[in-house]
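Trainee: What shape does this take:
(chains A and B)
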Amino acid sequence: MVTDIATHGREMTRKSILQSLFLIGVLLTGSAGAQTVSIELVLPNIKSGQYQRPYTAVWLEKDGERRAVSTIAVWHEDKKWLKDLRRWWRKAGRYNPEVDGVSGATRPAGTHLVSWQAQDANGKPLAGDYLLCLEAVREHGNRTLLKQKIHLGDGARKYSLSGGKELGLVNITLGK
Amino acid sequence: MKKGFKSVFKAAVVTAGLLSGAVVSTVQAHPLWVLPGEFNVSDEKASWVTFDVSASHTVFGYDKSPGLEQAKVFSPDGDSNSIRTYFKSQRRSVFDWQLTQDGTYKVHVQRPTFYYTRYKAGKREQDKWVSGNKIETKAKLPDNARDIETMLYDISSVAYVTRNAPTDSVFQPTNKGFELVPQIHPNDIIQDEKVTLNVLIDGKPAKGAKVEITPGGSQYRNDRNSIELETDESGRIQFTPGQAGPWLMSASLVSPLDSPMADTVKAVRFLTFEVIPN
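Mentor: Next up is the predicted model:
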């Protein structure tokens, strides 16, 4: 239930991204009844002779719970280095590193869109306060961990995060 | 190795004697530590982890290389193995271990136990020390020796490493002797989050155990930055590590011993753990 649209550089405008997202959202929410969470994230263009694409994870936590509620996306290569996504590895990855339809190859610099239906493993829509986490770590580079408290199941909302070294701007949009 | 440690002890005893006009309460042993290259590993395949072992007063500074003939690795499935090959250099001992299972492993390094006898002689109040158990030291002590107490030293050091999801089979207490029982998984310790351990003597809460917890890299700062604690009746210790990186914990307890060889036993347990940045 995850869809993502990667754009390289500025090929797609934000408007067209949102339009596609809207369509996807309609298609997905129509049947599931769960809220659509759209995460637009930027992997910064880093000029470095030793540049390798970052390992990146997006997941949802519930306050006070040691284990993550759900992994939303994880982009990686060799599993040997999955542990370097330190928080994701501890909260989710080590229990289930291969999440169907969620894990994929590392992505290039640019804007990426991840869309997710806010439901639990049994397909029940999630409601209440959660913590949306994003983590990116790059070989010979840095690690950036971003956290945003979000309120699910209570109408449309938007959140913006200013990012860090390995993750640029993040826009989180909750559907109706 | 025995010889190495002995000379270290002699040196320590002499220094203590020179520096302190008052009572020297214990023999100063070099803290014994095991430092894995990685504490948490993600791999579907069997993966190798490297370990340094040394005994030093700076935390994770190399000083004296212990023998590892008595070292053991406990696997998540309950298996235990001796370390087959290791490299004993002058300042540290090194081995690698292959994690073939998912879960948490324990590496346990035990020093051969040894005895020291403390006494006073004549009118002087100063403590004197001689190595050896009660029987051995009888002949060594002067005729005017008094306040004689022999202590058995039981020193071991532990580190835990985990491949993929953690398990807790390796820190179930044996309920024999002096034990540290983690209540938060030792591979899950997070900066600024509370850590709890239970300290047991023969399966019961150990009161009066002295605990010192120090972040690594003490040679690169002026303050040792140790957290010092003493257990109460609950035998429980709690602390919150404020910085990420490897830390060394030591816990010690002196208990009476019913033996012809010694009056008391001093058990010292070292635990190396990683604090994960939050």
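Trainee: Just the pLDDT at residue B:27, thanks.
Mentor: Looking at residue B:27, its pLDDT is 51.
Trainee: And the one 5 residues further on, by the same measure?
Mentor: Reading off the confidence values, residue B:32 has pLDDT 97.
Trainee: Give me the distance between it and residue B:268.
Mentor: Look at residue B:32 and residue B:268: by Cβ to Cβ, to the nearest Å, they are 8 Å apart. Heads up, the C-betas are built off the backbone N, CA and C, glycines and all.
Trainee: so what's in contact with these two at the same time?
Mentor: B:155-156 (Cβ atoms under 8 Å, 6 or more residues apart in numbering or on different chains).
Trainee: Can you name the residue of chain B nearest chain A?
Mentor: Residue of chain B nearest chain A, by Cβ to the nearest Cβ: residue B:42 (3.9 Å).
Trainee: For residue 158, I want the exact helix or strand it lies within.
Mentor: Reading this off chain A. Using DSSP states H and E, residue A:158 maps to strand A:157-161.
Trainee: looking at chain B here, not the other one
Mentor: Element membership for residue B:158, per DSSP H and E: strand B:145-163.
Trainee: Okay, now the sheet partners of that strand, with direction.
Mentor: strand B:40-41 (parallel), strand B:103-110 (antiparallel), strand B:114-121 (antiparallel), strand B:264-276 (parallel) (DSSP bridges).
Trainee: Do a quick rundown of the helices in the chain.
Mentor: Defaulting to chain A. Secondary structure of chain A by DSSP state H: the helices cover A:14-32, A:86-88.
Trainee: my question was about chain B
Mentor: Counting by DSSP H, the helices of chain B are B:2-19, B:134-138.
Trainee: mind listing what's buried in the shortest one?
Mentor: Pointing back at helix B:134-138 there. B:134, B:137 (16 or more other Cβ atoms under 10 Å in any protein chain shown).
Trainee: Give me the distance from it to the chain's centre.
Mentor: Counting by Cα atoms, centre = their mean, to the nearest Å, helix B:134-138 is centred 26 Å from the centre of its parent chain.
Trainee: Check the spacing between the most centrally placed residue in chain A and chain B real quick.
Mentor: Closest residue to the average C-alpha location of chain A: residue A:58 at 3.3 Å, with Cα atoms, centre = their mean. As judged by Cβ to the nearest Cβ, to the nearest Å, residue A:58 and chain B stand 18 Å apart.
Trainee: strand partners of the strand holding residue A:158, parallel vs antiparallel please.
Mentor: Strand pairing for strand A:157-161, using DSSP bridges, gives strand A:170-174 (antiparallel).
Trainee: Show residues contacting the partner strand.
Mentor: Strand A:170-174 is contacted from outside by A:18, A:21, A:35-42, A:118, A:132, A:134, A:146, A:148, A:150-152, A:155-161, A:163, using Cβ under 8 Å, 6+ apart.
Trainee: Going through those residues, which ones are buried?
Mentor: Looks like these have A:18, A:21, A:35-41, A:118, A:132, A:134, A:146, A:150, A:152, A:161, A:163 buried, using 16+ other Cβ under 10 Å.
Trainee: ranges for the strands of chain A?
Mentor: In chain A, the strands defined using DSSP state E lie at A:2-7, A:35-43, A:55-61, A:70-75, A:103-104, A:110-118, A:128-137, A:143-152, A:157-161, A:170-174.
Trainee: now the angle from the fourth one to strand A:55-61?
Mentor: When you say that, I think you mean strand A:70-75. 170 degrees (axes from the mean of the first three to the mean of the last three Cα atoms, to 10 degrees).
Trainee: So is strand A:70-75 next to chain B?
Mentor: No - using Cβ under 8 Å from any Cβ of the partner chain, strand A:70-75 never reaches chain B; the gap is at least 11.6 Å.
Trainee: From the contact counts, what lies against that strand?
Mentor: Other elements packing on strand A:70-75 under the criterion 3 or more Cβ pairs under 8 Å, 6 or more residues apart in numbering or on different chains; DSSP states H and E are strand A:2-7, strand A:55-61, strand A:103-104, strand A:110-118.
Trainee: Would you mind putting the CA coordinates of that strand into PDB?
Mentor: Taking Å, rounded to 0.1, in the frame of the first residue of the first chain, the C-alpha atoms of strand A:70-75 are listed here in PDB:
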ATOM      1  CA  SER A  70       4.900   0.400  10.800                       C
ATOM      2  CA  THR A  71       7.700   0.900   8.400                       C
ATOM      3  CA  ILE A  72       6.600   3.200   5.600                       C
ATOM      4  CA  ALA A  73       9.700   3.000   3.400                       C
ATOM      5  CA  VAL A  74      13.300   1.800   3.600                       C
ATOM      6  CA  TRP A  75      15.800   2.300   0.800                       C
END
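Trainee: What mean pLDDT does that strand get?
Mentor: Per-residue pLDDT over strand A:70-75 has a mean of 95.
Trainee: The second one now?
Mentor: The predicted model assigns strand A:35-43 a mean pLDDT of 97.
Trainee: Could you name the helices and strands sitting against it?
Mentor: Counting contacts by 3+ Cβ pairs under 8 Å, 6+ apart, strand A:35-43 is packed against helix A:14-32, strand A:55-61, strand A:110-118, strand A:128-137, strand A:143-152, strand A:170-174.
Trainee: Could you tell me the angle between the shortest one and strand A:128-137?
Mentor: What separates the directions of strand A:170-174 and strand A:128-137 is an angle of 150 degrees, with the same axes, to 10 degrees.
Trainee: same question, the fifth one
Mentor: Counting by the same axes, to 10 degrees, strand A:143-152 lies at 160 degrees to strand A:128-137.
Trainee: circling back: redo the helices and strands packed on strand A:70-75 as CSV? Include mean pLDDT.
Mentor: As requested, those are exported to CSV (pLDDT from 0 to 100):
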stretch, mean pLDDT
strand A:2-7, 48
strand A:55-61, 97
strand A:103-104, 91
strand A:110-118, 96
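Trainee: Any idea which of the ones you listed gets closest to residue B:36?
Mentor: strand A:55-61 (22.1 Å; Cβ to Cβ).
Trainee: what angle sits between that closest one and strand A:110-118?
Mentor: 30 degrees.
Trainee: Where does pLDDT dip in the chain?
Mentor: Because you didn't say which chain, this covers chain A. Scanning chain A with the threshold set as pLDDT under 70 gives A:1-32, A:97-100.
Trainee: try again with chain B
Mentor: Those would be B:1-28, if you go by pLDDT under 70 across chain B.
Trainee: Skipping adjacent residues, who's closest to residue 120 in space?
Mentor: Using chain A. Nearest-residue entry for residue A:120: residue A:126, 6.1 Å, with adjacent residues in sequence omitted and distances by Cβ to Cβ, 6 or more residues apart in numbering or on different chains.
Trainee: actually chain B
Mentor: Distances taken as Cβ to Cβ, 6+ apart place residue B:147 nearest to residue B:120, at 4.7 Å, with adjacent residues excluded.
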